[in-house]
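Undergrad: Mind looking at a prediction? Sequence and model below.
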Amino acid sequence: MRNKIATVKRLVQTVGIAGTMKVIMYRLLGFKQVWVHAHDIRRPVLLRMNNCDLSLLSDIFNTDECKVELSWTPETVMDLGANIGLAALKLKQQFPTAMVIAVEPDPDTFEVCVSNLR
């Protein structure tokens, strides 16, 4: 129970109350995916209704987990094992002029990644 409360709290921090209610409603209705607006992302992202994607969104956008400290600006950034593309989105925010290349080997996860990076 504590784990679920912690997950909801982190979700509220990332997508707000309305976004959290949308995720909960979609999950209760049996949806497999949901589009949400996170606070730090200009457009919605597609999440699969599993705890991994929800936790990943919170970890990437509520922490400095993907922040890279460089004394120079890279021309290219590679995200190998990109999952659903959230780290690639965060890296593109940090390095807006860089070309971001995201590689994901799992076909189903790759489809979600492509949707998030379009």
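TA: Alright, I've got the coordinates. In this text the structure is predicted, and so the values were computed from the model without any measurement.
Undergrad: Run through the residues that contact the nearest residue to residue 67 once chain neighbours are set aside.
TA: In space, residue 67 comes closest to residue 94 once its chain neighbours are excluded; the distance is 6.7 Å by Cβ to Cβ, 6 or more residues apart in numbering. For glycine as for every other residue, the C-beta is placed from the backbone atoms N, C-alpha and C. Each residue near residue 94 by Cβ atoms under 8 Å, 6 or more residues apart in numbering is listed here: 66-68.
Undergrad: Give me the pLDDT for residue 94.
TA: Listed pLDDT for residue 94 reads 92.
Undergrad: How about the one 3 residues further on?
TA: The score at residue 97 is 96. That number is its pLDDT.
Undergrad: can you map out the helices along the chain?
TA: Shown for the chain, the helices assigned by DSSP state H span residues 2-28, 51-62, 86-94, 107-117.
Undergrad: same for the helix or strand of the chain with the lowest mean pLDDT, what does it pack against?
TA: The weakest-scoring helix or strand in the chain, judged by mean pLDDT, DSSP states H and E, is helix 51-62 (a mean of 87). Packing contacts for helix 51-62, counted by 3 or more Cβ pairs under 8 Å, 6 or more residues apart in numbering; DSSP states H and E, involve helix 2-28, strand 45-48, helix 86-94.
Undergrad: Could you pull out the buried residues of the last one?
TA: Within helix 86-94, the residues that qualify as buried by neighbour count (16 or more other Cβ atoms under 10 Å) are 86-92, 94.
Undergrad: between these, which is nearest residue 102?
TA: residue 88 (4.2 Å; Cβ to Cβ).
Undergrad: I'd say that closest one and residue 81 touch.
TA: No: checked against Cβ atoms under 8 Å, the pair residue 88 and residue 81 is beyond contact range at 10.7 Å.
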